[in-house]
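J.: Any chance you can model this:
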Amino acid sequence: MVATFDDARASAEVLLSLEGISGVGEGLTSDGERSIVVMVTSLSIVAMTDIPSQIGGFPVEVIETGVISAETEVDESGGDESGSASI
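T.: Got it, this is the predicted structure:
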């Protein structure tokens, strides 16, 4: 059964509980088909983790991002802090 893309993406969020999975998003395959993107800290995680090739009938693509962390920068002039993400 093919789910809606939003349902498939929500189902993919479960992967975030696995060690080495740094994010889940959406993308397009080389054929222009919507896909679920699973971001991993290292491609070696793929061999140790049960990442499916499809979720809800949509293809899953795995990309290596390294560790993603949030950083907070302090405005030296005494202004507000601004957040940013780095890879």
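
J.: Go through the helix or strand hosting residue 45 and flag the buried ones.
T.: Here residue 45 sits within helix 44-48, counting by DSSP states H and E. Along helix 44-48, these residues count as buried under the neighbour rule (16 or more other Cβ atoms under 10 Å): residue 45. To be clear about C-beta, it is placed using only N, CA and C from the backbone, and glycine gets the same treatment.

J.: part of a strand, is residue 27?
T.: Yes. Checked against DSSP: H, G, I helix; E, B strand; the rest coil, residue 27 lies within a strand.

J.: ok so, going back, and the next helix or strand after the helix holding residue 45, what does it pack onto?
T.: Per DSSP H and E, helix 44-48 leads on to strand 54-55 as the next helix or strand towards the C-terminus. Other elements packing on strand 54-55 under the criterion 3 or more Cβ pairs under 8 Å, 6 or more residues apart in numbering; DSSP states H and E are helix 5-12.

J.: Residues in contact with the helix it packs on: which ones?
T.: Taking Cβ atoms under 8 Å, 6 or more residues apart in numbering as the criterion, the residues outside helix 5-12 that touch it are 3, 24, 26, 34, 36, 38, 55-58, 60.

J.: just stretch 34-54 next, same as before
T.: The contact list for stretch 34-54 (Cβ under 8 Å, 6+ apart) reads 5, 8-9, 12, 15, 18-29, 55, 58-68.

J.: now the end-to-end length of it.
T.: The first residue of stretch 34-54 is 11 Å away from its last residue (Cα to Cα, to the nearest Å).

J.: State the mean pLDDT of that stretch.
T.: On average, the pLDDT along stretch 34-54 is 86.

J.: And that stretch, how far out from the chain middle?
T.: In terms of Cα atoms, centre = their mean, to the nearest Å, the centre of stretch 34-54 is set 9 Å apart from its chain centre.

J.: residues of it that come out buried?
T.: So for stretch 34-54, counting by 16+ other Cβ under 10 Å, buried means 35-41, 45, 51.

J.: re earlier: is there a quick PyMOL command that grabs whichever of the contacts of stretch 34-54 are buried?
T.: Selection of buried members from the contacts of stretch 34-54 for PyMOL, criterion 16+ other Cβ under 10 Å:
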select buried, resi 5+8+9+12+15+20+21+22+23+24+55+58+59+60+61+62
